[in-house]
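> fold the following.
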Amino acid sequence: MRRSMLFLPGNSPNILLNADFLGSDAIILDLEDAVAPTEKDSARILVRNAITSLGYTREVIVRINPVESPYWQQDIQQIIKVKPEMIMPTKVSCANDVKIVSEYIGQMEEAYGIPAGTVKMIPLIETALGVENAFEIASADPRVTAIF
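The predicted structure is shown next:
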């Protein structure tokens, strides 16, 4: 059970360094809204290296950019190789969004030799359409273990 989930900007080394000591049940390393478009590449590298080297003891969730953006695939390519517990796709409005992200995660798991289904998903519902489609989103794929 997650009682607290702390969102942390993926482009802030000092915050990433101290994330494990802030007392939340899960840390959400943000590659989306907290990161300016000009800093997306460096944020991916920082988040990937933080997961690899800092040995977080909290559940690690990486919030990626929405499927409508030009960034989400690069987010997954860089992050899946370090096996976070979950990926949080954003602005999810329908089951198809979940299926698209899950399929790409699966491709990256295969490419990196990670067992299929290792990385789970927690879709972030941010629109009225997403709320209306919440059941379909939640049941769209076995990777989905929660919705937010």
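> quick one: average pLDDT of stretch 6-18?
The average pLDDT within stretch 6-18 is 92.
> and for the protein, the residue most distant from the center?
The C-alpha centroid of the chain is most remote from E132, which lies 22.3 Å away (Cα atoms, centre = their mean).
> gap between it and M86?
24 Å (Cβ to Cβ, to the nearest Å). Glycine gets a C-beta too; all of them are placed from N, C-alpha and C.
> next up, phi/psi of N14, please.
Dihedral pair for N14: phi -60, psi -40, per degrees, to the nearest 10.
> and for it, the neighbour number?
By other Cβ atoms under 10 Å, 7 other residues sit near N14.
> from here on, call the first residue 2.
New numbering, starting at 2: the last item is N15.
> right, and E69 touches V93 too?
No: if you go by Cβ atoms under 8 Å, E69 and V93 don't touch, sitting 10.6 Å apart.
> so for those two, which sits in the more crowded spot?
V93 (30 against 10).
> OK, contacts around that one?
67, 99, 124-127, 131, 138 (Cβ atoms under 8 Å, 6 or more residues apart in numbering).
> repeat that with 7 Å
V93 is in contact with 99, 124-126, 131, 138, counting by Cβ atoms under 7 Å, 6 or more residues apart in numbering.
> next one: S25
Shown in contact with S25 (Cβ under 7 Å, 6+ apart): 5-7, 59.
> rewinding a little: ok, so of the contacts of V93, who is nearest G11?
For those, the residue nearest G11 by Cβ to Cβ is L125; the value is 15.0 Å.
> thanks again, I'm all set now.
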